[in-house]
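Q: only geometry, no sequence info:
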């Protein structure tokens with residue numbers, strides 16, 4: 001699963017992409033009109049604490065994919081086919097909106113509303129075309145009913161996130177990858193003077209009304225932080241009045257937008273965070289580690305992170321009866337420390 005980073009021209013989208021991924025993609029007129037792929041390492045203090053206890057040879061953070069999507073060059077011009085295709089291939093969307101001064105005065109609320117309207121219009125066109133064809137076919141009653149429900153909402157200028165679709169409805173329309181149904185995070189990119197500010201009330205309200213999460217960042221500051229050695233970043237943040245890089249909050253927001261949670265595997269060789277979808281069961285989590293472990297899954301030995309940190313060792317967890325043995329129906333919880341038993 002991956003998130004798509006999108007935005008109109010001159011929003012600082014690719015500058016933010018570089019700061020998040022550590023890449024050096026060309027920005028502005030120098031960038032190629034193609035999608036760029038990167039990987040985000042998910043900051044997690046729990047991994048740091050586990051690593052301090054086990055002192056492993058390797059410490060590995062959870063990762064998510066991020067695509068820098070070539071966005072529409074101008075507002076109101078519609079989304080071109082390449083942008084639409086790249087957005088459809090993403091499981092969640094991150095829209096970068098300009099909140100800093102430029103050649104034109106920024107209007108972030110309008111920009112957010114315009115982009116949301118573009119997604120709604122694109123979905124409406126898809127639904128109308130499909131309904132035109134489906135009336136001539138038989139055996140699609142449930143799909144037709146779901147699409148008619150979607151059309152009613154889209155026709156009111158509302159996104160499918162606001163439609164209150166049932167799980168059955170969503171299953172009927174999943175193949176269409178509707179853009180206004182995608183989880184969406186709106187990132188307001190501000191100037192350096194506002195890097196420590198809060199999200200403006202009008203922008204936060206618009207995002208909430210559209211069922212969109214909102215976050216404020218300063219891409220230029222994030223780029224500067226990313227370029228510094230680790231030992232100098234804390235001092236720089238303190239001088240800016242910032243507790244942690246906004247990029248860390250953004251990455252965690254993307255992680256949750258994708259409906260991921262983390263479980264951990266621990267040992268002297270490696271302490272590692274793995275991502276699974278919320279609701280996944282133990283065998284699926286085992287498959288994240290290795291397909292053979294999922295295929296030969298027998299059971300999972302489970303420790304809760306908070307309990308482990310309080311107790312301090314696996315031996316004591318066993319002695320206190322806090323290491324639980326779970327089978328194939330166990331639903332993995334965020335922060336589980338798992339040992340898998342398997343036989344292939």
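A: Thanks, I have the structure now. Note that the structure is predicted; figures quoted are calculated from it, not measured. Numbers count the residues shown, from 1 in each chain.

Q: now the helices for the stretch 1-150 of the chain?
A: Here the stretch 1-150 of the chain has its helices, by DSSP state H, counting those that start in this stretch, at 13-21, 45-54, 81-88, 108-134, 141-155.

Q: Revised request: answer the last question for the stretch 201-344 of the chain.
A: Going by DSSP H, counting those that start in this stretch, the stretch 201-344 of the chain shows helices at 201-209, 219-227, 230-240, 246-257, 282-289, 291-295, 305-311, 314-319.

Q: what stretches of the chain score poorly on pLDDT?
A: 28-33, 71-77 (pLDDT under 70).

Q: Residue nearest the middle of it, spatially speaking?
A: residue 254 (2.4 Å; CA atoms, centre = their mean).

Q: Surely residue 157 forms part of a helix?
A: No - counting by DSSP: H, G, I helix; E, B strand; the rest coil, residue 157 is located in no helix; its state is coil.

Q: Distance of the nearest residue to it once chain neighbours are set aside relative to residue 130?
A: For residue 157, ignoring the flanking residues on the chain, the nearest one in space by CB to CB, 6 or more residues apart in numbering is residue 120 at 6.3 Å. Where you see a C-beta, it was placed from the backbone N, CA and C, and this is true even at glycine. Look at residue 120 and residue 130: by CB to CB, to the nearest Å, they are 16 Å apart.

Q: Count the residues that sit near residue 238.
A: 10 (other CB atoms under 10 Å).

Q: What of residue 153?
A: 21.

Q: From residue 195, how far out is it?
A: Counting by CB to CB, the gap from residue 153 to residue 195 is 37 Å.

Q: Let's have the helices of the stretch 201-344 of the chain in a markdown table, adding distance to residue 2.
A: Shown next, in a markdown table, are those (distance: least, CB to CB, whole Å):
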| stretch | distance to residue 2 |
| --- | --- |
| helix 201-209 | 22 |
| helix 219-227 | 20 |
| helix 230-240 | 26 |
| helix 246-257 | 9 |
| helix 282-289 | 16 |
| helix 291-295 | 21 |
| helix 305-311 | 26 |
| helix 314-319 | 34 |
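
Q: wait, which of those is closest to residue 103?
A: Nearest of those to residue 103, taken as CB to CB: helix 219-227 at 16.6 Å.

Q: Hey, what's the angle from that closest one to helix 230-240? Just curious.
A: Put simply, helix 219-227 runs at 150 degrees to helix 230-240, going by axes from the mean of the first three to the mean of the last three CA atoms, to 10 degrees.

Q: Can you spell out which helices and strands pack onto helix 219-227?
A: For helix 219-227, the contact count by 3 or more CB pairs under 8 Å, 6 or more residues apart in numbering; DSSP states H and E identifies helix 13-21, helix 230-240, helix 246-257 as packing neighbours.

Q: Burial-wise, tell me which of the ones you listed comes out on top.
A: The highest mean neighbour count among these, using mean count of other CB atoms under 10 Å, belongs to helix 13-21: a mean of 24.

Q: Pull the residues that contact it.
A: 5-7, 23-28, 31, 36, 38-40, 66, 68, 71, 96, 187, 189, 217, 219-220, 222-223, 225-226, 247, 250-251 (CB atoms under 8 Å, 6 or more residues apart in numbering).

Q: From the residues you listed, list the buried ones, please.
A: 5-7, 25, 27, 36, 38, 40, 66, 68, 71, 96, 187, 189, 217, 219-220, 222-223, 225, 247, 250-251 (16 or more other CB atoms under 10 Å).

Q: if I pick residue 117, what's in contact with it?
A: Per CB under 8 Å, 6+ apart, neighbours of residue 117: residue 157.

Q: OK, contacts around the residue nearest to residue 63 when sequence neighbours are not counted?
A: Among residues not flanking residue 63 along the chain, residue 39 sits closest, at 5.1 Å (CB to CB, 6+ apart). By CB under 8 Å, 6+ apart, the contact set of residue 39 is 21, 63, 64, 65, 66.

Q: Same question for residue 242.
A: Taking CB under 8 Å, 6+ apart, one finds 195, 196, 221 in contact with residue 242.

Q: Among these, name the buried ones.
A: So, by 16+ other CB under 10 Å, the buried ones in the contacts of residue 242 are 195, 196, 221.

Q: Name the nearest of those relative to residue 312.
A: Closest to residue 312, out of all of the buried ones among the contacts of residue 242 and judged by CB to CB, is residue 196, at 36.7 Å.

Q: Remind me which helix or strand that closest one belongs to.
A: Assigned by DSSP states H and E, residue 196 belongs to no helix or strand.

Q: Could you pull up phi and psi at residue 323?
A: Here is the backbone geometry of residue 323 (degrees, to the nearest 10): phi -100, psi 110.

Q: Could you report the neighbour count for the spatially closest residue to residue 176 that is not a sequence neighbour?
A: Among residues not flanking residue 176 along the chain, residue 126 sits closest, at 5.9 Å (CB to CB, 6+ apart). Residue 126 is flanked by 19 other residues according to other CB under 10 Å.
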